[in-house]
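fold the stuff below for me.
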Amino acid sequence: MDVVNVFDYERLAAAKLAPSAWDYYQSGADDEVTLGANRAAFARIWLRPRFMRDVGQIEMATTVLGTPVSMPILVAPTALHGLAHPDGECATAPAVGAEGTLMIVSDSASRCMEDIAAVATGPLWYQLYAADRETTEAHVRRATEAGYRAIVLTVDAPRWGRKERALRSDFDQPPQVIYGNYASTETKRAIMPLTWEVFDWLRTLTPVPFLLKGILTAEDAELAVAHGAAGIVVSNHGGRQLDSAIPSIVALPEIVAAVGDRCAVYMDGGIRRGTDVLKALALGAQAVLVGRPILWGLAAAGPAGVQSVLALLRDEFAQALALAGCATLADITPALLRMGF
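Residues are numbered from 1 along each chain as shown. Predicted structure coming up:
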């Protein structure tokens, strides 16, 4: 099959992965209302293209917390890449670097953070869950020592969402696919209560900046800034935690309005097309994170598939910019959009 968009990789990955692994990657919480809404919300945002502009040269390079990247498309943290490829995240990271962008390594990776950093060819951030206090502190210190440039603390998982599709598939990790950053599965499942006081303590452990991932309200965004977050990732965890939580793209404008230029704002959830990237940036995101499509590319074609997914999104984004009348990221404004029908 000729691959022309990321959905083609979705079909290829579905044919290659074990059914239970596929359901684990694809599932959302409960009735999967939020999972579907993440995509559907993009279809309710219309573009107002401008013409008679010079778009012969498209420039999309940018920086994220001071780190140069080739495009405002980053790789979101997703768990257990070892289900998709025997080398797991050690296959993904070099491919992401080859495309000139940044990977956020999951705390639930199937390879340890040090091994991933050793083979990475581009910048890395580390996504952190709150396990027990001792393990959480150790992960912050290990990530800092391994050269990760930021810590992305996920705040929306005081409990794990019920992914019923995966439960019905009786998903069980193959013995060769482990949580590479943890001594045992039991240690990983120990969740420390995560509060603003805990965040204040975490920030004392490392000089690298912290971002908070999972913020969906202006109220929490204000608190994030007040407590020293360098960035916010507007996210509903890919629809895998609280079902009926607001789609990320719908929540984005209120977060941007709340924080202004006091911290960076990124978003994930449902990014599948270059036009999705354009809409998110027009609503104020400085970059977007892509999750499941990276896993599809990895499962379908290994590192080359990861590179291909990123290249497809890069090309689609360049096409969307040109057709909308934007030669640079600075040309993207809210005036490009009309909301609703």
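
how about the residue nearest the centre of the chain, what does it touch?
The centroid of the chain falls nearest to Ala76 when counting by CA atoms, centre = their mean (2.3 Å). Contact analysis of Ala76 by CB atoms under 8 Å, 6 or more residues apart in numbering lists Ile104, Gly238, Asp268, Leu289, Val290, Gly291, Ile294. Any C-beta I mention is one placed from the backbone N, CA and C, and that applies to glycine too.

again, 10 Å this time
103-104, 106, 127, 152, 213, 233, 235, 238, 266-269, 271, 288-295 (CB atoms under 10 Å, 6 or more residues apart in numbering).

equivalent analysis for Trp125, please.
So Trp125 contacts 64-65, 67, 74-75, 77, 102-105, 143, 148-152, 208-209, 211, 213, 231 (CB under 10 Å, 6+ apart).

cutoff 7 Å now
When contacts are counted by CB atoms under 7 Å, 6 or more residues apart in numbering, Trp125 touches Leu102, Ile104, Tyr148, Arg149, Ala150, Val152.

could you measure from it over to Gly340?
Per CB to CB, to the nearest Å, Trp125 is found 34 Å from Gly340.

low-confidence ranges in the stretch 51-200 of the chain?
186-187, 190 (pLDDT under 70).

tell me the gap between stretch 209-228 and the middle of its chain.
Here the centre of stretch 209-228 is set off from its chain's centre by 16 Å, with CA atoms, centre = their mean, to the nearest Å.

how about that stretch: buried residues?
209-216, 218, 220-221, 223-225 (16 or more other CB atoms under 10 Å).

need the contact partners of that stretch.
65, 127, 150-156, 196, 199-200, 202-203, 229-237, 245-246, 251, 254-255, 257-259, 262-263.

over to stretch 42-49?
249, 270, 275-276, 279, 323-325, 335-341.

quick one: which of those is nearest to Glu32?
Nearest to Glu32 among the contacts of stretch 42-49 is Gly270, at 12.5 Å by CB to CB.

my read: the closest one touches Gly36, true?
No. If you go by CB atoms under 7 Å, Gly270 and Gly36 don't touch, sitting 9.2 Å apart.

of those two, which one has the most company?
Gly270 (28 against 14; other CB atoms under 10 Å).

what does the pLDDT read for the more buried one?
On the pLDDT scale, Gly270 is placed at 97.

what do you get for Leu298?
98.

check contacts around the spatially closest residue to it that is not a sequence neighbour.
By the measure of CB to CB, 6 or more residues apart in numbering, the closest residue to Leu298 outside its immediate chain neighbours is Ala84, 4.4 Å from it. Applying CB under 7 Å, 6+ apart, one finds that Ala84 lies in contact with Leu17, Leu295, Leu298, Ala299.

please apply the same query to Ile116.
Ile116 neighbours (CB under 7 Å, 6+ apart): Glu89, Cys90, Ala93, Val105, Ala109.

hmm, back to that, weed out the non-buried ones from the contacts of Trp125.
Applying 16+ other CB under 10 Å to those flags Leu102, Ile104, Tyr148, Arg149, Ala150, Val152 as buried.

wait, a strand at the last one?
Put plainly, it is Val152. Yes. Counting by DSSP: H, G, I helix; E, B strand; the rest coil, Val152 is located in a strand.
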